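S.K.: fold the following, please.
(chains A and B)
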Amino acid sequence: MQYIPNIVFIIALILGVGFFAKNVKKLLRNINLGRDIDRSDNKPARWKNMAKIALGQYKMVKRPVSGIIHVIVYLGFIIINIEVLEIIIDGIFGTHRIFSFLGGFYDFLIGTFEIFAALVFVGVVIFWIRRNVMNIKRFMAREMTSWPKLDANLILYFEMVLMGLFLTMNAADLQLQIQGADHYASTTGEIMGAFPISQYIAPLFEGMSTSSLVILERAAWWLHILGILVFLNYLYYSKHLHILLAFPNTWYAKLKPQGEFTNVEAVTKEVMLMMDPDADPFAAPPEDEAEGEPEKFGASDVMDLNWVQLMNSYSCTECGRCTSECPANQTGKLLSPRKIMMDTRDRLETVGKNIDANKGVFIPDGKQLLDDYITKEELWACTTCNACVEACPIGIDPLSIIMEMRRYMVMEESSAPTDLNNAMTNIENNGAPWPFNQMDRGNWISEN
Amino acid sequence: MSETLKVPTMAEYMAQGKSPEVLFWVGCAGSFDDRAKKITKAFARILNKANVDFAVLGAEESCTGDPAKRAGNEFLFQMQAVTNIEVLNGYDIKKIVTACPHCFNTLKNEYPSLGGNYDVVHHTQFLKSLLDDGRLTVEGGKFKGKRITFHDPCYLGRANGVYEAPRDLLRKLDVELVEMRKCKTNGLCCGAGGAQMFKEPEPGNKDVNIERTEQALEVKPDVIAAGCPFCNTMMTDGIKGKEKEDSIEVMDIAEMIASAEEL
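M.R.: Residues are numbered from 1 along each chain as shown, chains lettered A, B, ... in the order given. Predicted coordinates:
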């Protein structure tokens, strides 16, 4: 009977991690629905990017208030995870504070965890106030209603509760150690761990009996670790995946100058053929050329995007820094780079579910990313200024998605605005977006 | 300004069996837009003064394809690019200078993989190098002590990380350089990029150039310095919209230098 808690713990752990692993598999499958793109060049620069932007939070602190609080929560998250390791070992083997043999260093660790737990709690409360009370524009956008808003708040509540449980657990533990309770107090009577924060909570429990304190400590311990497992599994369904994906996201981010857009290779092939005076326009396609439909230009759905763009969509935590820097959005246009990322993810999720429901094959559902999720009006409002790309704290590139969709609209649908079509016709006919004769290009030299 | 400009074409150079130090890529705006032509001429006058051995393509130049590419028309872009590359490679061009950040970005970044490899510089970078090499001297002249703010063109700044060359030039003019709230990596677009120049804006509550002009007005400049013909147009329109054209000028840095040197 005494092993029941251990067994329950192990089952919970396996279920929690197993279910998460299952979702990770699904996540990878969905990301791999995208077209291939090679982003494995220049590895030193990629590692540096990851170290600086993801690990080092270099772009986060460009907005100091939210940036510094985020750094605290991020550090707290990483550091407190060391404690989770102890909790897991204790849970499996039924031990208590297995690392306490570290002595003074253990005191230092637990003390640090406590301070960070308190800081994280305060930080998260400030985040909640920023989101719900302060009317900050980027949290009030039209794409931030219903689920996205609730999602953001749920994450904050989760973190508050987890930190609260952690401190309650320690406070009850301290009180038990003071009372010399079995299993809690050390044989020497020395207090294990330092409790710089929970020592102020412990007095609240002073009058409680040892057995009630044990129940309280155990409840907090269990809820804390189960909460972590639930939170881990919540990630896949929420915008909070960035805590994992920020790292690969920065590693695979574009390294070339922001102004350099890709040259579509399929187009290059066609253009080179057209420019080749020796090409036979009536020649049969070469034998080895793959049969089937010619490659689609641009993107009308998520499968036409590349896998880095799809990973970007899962990495987005909807902070809205892109949108608040976007000139189109600032001047009241529909375009919001954040919404581009959110729509891409929503569509990708729908496609993924479709595949799950149809035994691994996508059955067309009469919808696509273009028009059903992202409207043409949004796409045409972009000035390609790269402000969104620059603003993203984890290297997401919403502009590349906008460009792929513009390519589809122009090259597959010919649905560009009339003015643009006129400009393009001019370029084609007279080598300038305006209707001037190319022969007059040098006229400025003699004009006065 | 009655002196004649010395602007040879590549064809003329070729006929003499010579090749210039640098090709001046004028661009569509610089060739045809009345406002931008003034920038082109100012830059050519500086090049003449510094005795730079340069040439233009003249009627052989064609749109780089930038607006087509940003609009999504990859076919048209690549057709333009490949045609231009044929001309440029035919003349064995090594170095290109242009006063248009859009041409600059496209020639520098998007032509290489299509076979066009050149050393491409923006005119502010080129002018900076002329100063550094002592081939050109610049003194404040009429801009000395004036409040100047520089509007970063997206395709020069964020797109290619060139922030200091234009500012260094302004410092040479002994101006009081004041930065807008949004500058350098955080600079706000003028609203013309991404082929927006050639279409009506989507519905909204303001035009982007008005928003940017308001940011410029916050720092109370005497001159808004620009480095792009499209930004220049947008900011000029913005200043007119705010009825400030009598007190605030929008000038390209090349024009400022030419004017300071009374060229």
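S.K.: in the stretch 51-200 of chain A, what residue lies closest to chain B?
M.R.: For the stretch 51-200 of chain A and chain B, the shortest gap (Cβ to the nearest Cβ) falls at residue A:62, measuring 8.1 Å. The way it works is simple: take the backbone N, C-alpha and C, and place the C-beta from them, glycine included.
S.K.: how about whichever residue of the stretch 151-263 of chain B sits closest to chain A, what does it touch?
M.R.: Taking Cβ to the nearest Cβ, chain A has its nearest neighbour within the stretch 151-263 of chain B at residue B:159, 2.6 Å off. Applying Cβ atoms under 8 Å, 6 or more residues apart in numbering or on different chains, we find residue B:159 in contact with A:257-260, A:386, B:101, B:105.
S.K.: of those, closest to residue A:82?
M.R.: Top of the list for closeness to residue A:82, among these and by Cβ to Cβ, is residue A:258 at 37.9 Å.
S.K.: next one, pLDDT for the closest residue to that closest one other than its chain neighbours please.
M.R.: For residue A:258, ignoring the flanking residues on the chain, the nearest one in space by Cβ to Cβ, 6 or more residues apart in numbering or on different chains is residue A:386 at 4.4 Å. Residue A:386 carries a pLDDT value of 96.
S.K.: same list (the contacts of residue B:159) but as a markdown table, adding secondary structure.
M.R.: Converted to a markdown table, these look like this (DSSP: H, G, I helix; E, B strand; the rest coil):
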| residue | secondary structure |
| --- | --- |
| A:257 | coil |
| A:258 | coil |
| A:259 | coil |
| A:260 | coil |
| A:386 | coil |
| B:101 | helix |
| B:105 | helix |
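S.K.: most neighbours, which of the residues you listed?
M.R.: When neighbours are counted by other Cβ atoms under 10 Å in any protein chain shown, residue B:101 leads the contacts of residue B:159 with 31 neighbours.
S.K.: do I have it right that it meets residue B:152?
M.R.: No - here residue B:101 lies out of contact with residue B:152, judged by Cβ atoms under 8 Å, at a distance of 9.4 Å.
S.K.: overlap in contacts of the two?
M.R.: Shared contacts of residue B:101 and residue B:152 (Cβ under 8 Å, 6+ apart): residue B:227.
S.K.: quick one: low-confidence parts of the stretch 51-200 of chain B?
M.R.: Counting by pLDDT under 70, the stretch 51-200 of chain B shows no low-confidence range.
S.K.: which ones are touching whatever residue of the stretch 151-300 of chain A ends up closest to chain B?
M.R.: Chain B sits closest to residue A:259 of the stretch 151-300 of chain A, with a gap of 2.6 Å, by Cβ to the nearest Cβ. Residues near residue A:259 by Cβ under 8 Å, 6+ apart: A:386, B:105, B:109, B:154-155, B:158-160.
S.K.: grab the most central residue of chain A for me.
M.R.: Nearest to the mean C-alpha position of chain A, counting by Cα atoms, centre = their mean, stands residue A:315 at 2.2 Å.
S.K.: on that earlier part again, tell me the secondary structure at the residue of the stretch 151-263 of chain B closest to chain A.
M.R.: Assigned with three-state DSSP, residue B:159 falls in the coil class.
S.K.: ditto for the one 3 residues further on
M.R.: Under the three-state scheme (three-state DSSP), residue B:162 adopts coil.
S.K.: which residues touch it?
M.R.: B:122, B:124-125, B:156.
S.K.: any idea which of these has the most stuff around it?
M.R.: residue B:124 (29 neighbours).
S.K.: before we move on, which element is it in?
M.R.: helix B:123-132 (DSSP states H and E).
S.K.: list the buried residues of stretch B:177-197.
M.R.: Going by neighbour count (16 or more other Cβ atoms under 10 Å in any protein chain shown), the buried part of stretch B:177-197 is B:177-178, B:180, B:182-183, B:185-197.
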